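Engineer: Below: sequence and its predicted model.
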Amino acid sequence: DFPLWREIVVKNGAGLLVDPKDVRAIAEAIGWLFDHPEEARRMGENGLEAVRDRFNWTKEAKELLDLYERILQGR
């Protein structure tokens, strides 16, 4: 349960969050996905869209280079 991952998953409607040490919670989440295939598909599509639009190296590289540029201009 990492705060950043929680924020990304919840904000993008891209999955379920469970305690990785709680076997029962994991099993229940898997069962829920099997019982709700449309919602599971939608979450997968939402995750894919988030990666395509925001969480990819092309986008991150631009932001990193912009940051470097601002730092260099501040000198």
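Structural biologist: Structure received.

Engineer: contacts, neighbours, all on C-alpha from now
Structural biologist: Fine.

Engineer: Give the residue spans of the chain that score low on pLDDT.
Structural biologist: Counting by pLDDT under 70, the chain has low-confidence residues at 1, 75.

Engineer: quick one, strands of it?
Structural biologist: Applying DSSP state E to the chain gives no strands.

Engineer: Where do the helices of it begin and end?
Structural biologist: With DSSP state H as the criterion, the chain has helices at 3-12, 23-35, 37-53, 57-73.

Engineer: Using CSV, lay out those together with mean neighbour count.
Structural biologist: Shown next, in CSV, are these (neighbours: other CA atoms under 10 Å):
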stretch, mean neighbour count
helix 3-12, 13
helix 23-35, 13
helix 37-53, 15
helix 57-73, 11
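
Engineer: so what's the residue lying closest to Arg42 once chain neighbours are set aside up against?
Structural biologist: Once flanking residues are discounted, Arg42 sits nearest to Ala14: 7.8 Å by CA to CA, 6 or more residues apart in numbering. Going by CA atoms under 8 Å, 6 or more residues apart in numbering, Ala14 touches 8, 42-47.
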